[in-house]
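Colleague: Let me see the structure of the following:
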Amino acid sequence: MRRCELINGEKLVTANLGGYRAVVCRDGVAHQMSSKHHAGARRHWTCKLFPGIEHSDKAPKSSELLVGAEKVDAETEFVIIASTGIWEVMKNQEAVNLIRHLEDPQEAAECLTKEALSRMSKCNISCVIIRFD
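Modeller: Model prediction:
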């Protein structure tokens, strides 16, 4: 589960709770958003960011809170937020190349999920595309 917010139209901040990756397309080039591990803040922030999720001290590593930020500028075209089912069968740049020409974010997301299925992905397949103007 990943939560994504745009701050002042200039900074994209993500909070990740396992199994997802965010890739930013900037001027046609894929850039994987890096995340920092915040173990001490996990219980406090995951309750605020992901209400309704059960939290415990014995939670699996996949439920550790990871936070990342990326600058949004004129070269930033879109961000792909996708589950492991997408990334286990294609590289970041492959995904960007596959959907860059598609203006409609829903059509782009459907294109990525169908491609992952055709490549026989074995994991959960889900994604969201956010385009910047």
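
Colleague: Could I get the full set of helices for this structure?
Modeller: Per DSSP state H, the chain carries helices over the ranges 42-49, 84-87, 92-99, 105-118.

Colleague: Redo those helices as JSON lines? Include distance to residue 12 and mean neighbour count.
Modeller: For the C-beta atoms, the positions are set from N, CA and C on the backbone; glycine is no exception. Converted to JSON lines, the helices of the chain look like this (distance: least, CB to CB, whole Å; neighbours: other CB atoms under 10 Å):
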{"stretch": "helix 42-49", "distance to residue 12": "15", "mean neighbour count": "15"}
{"stretch": "helix 84-87", "distance to residue 12": "18", "mean neighbour count": "22"}
{"stretch": "helix 92-99", "distance to residue 12": "16", "mean neighbour count": "18"}
{"stretch": "helix 105-118", "distance to residue 12": "15", "mean neighbour count": "17"}
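
Colleague: how about those in JSON lines, adding mean pLDDT?
Modeller: Converted to JSON lines, the helices of the chain look like this (pLDDT from 0 to 100):
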{"stretch": "helix 42-49", "mean pLDDT": "50"}
{"stretch": "helix 84-87", "mean pLDDT": "94"}
{"stretch": "helix 92-99", "mean pLDDT": "98"}
{"stretch": "helix 105-118", "mean pLDDT": "97"}
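
Colleague: can you put those in CSV and add distance to residue 131?
Modeller: Listed next are the helices of the chain as CSV, based on distance: least, CB to CB, whole Å:
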stretch, distance to residue 131
helix 42-49, 23
helix 84-87, 17
helix 92-99, 10
helix 105-118, 5
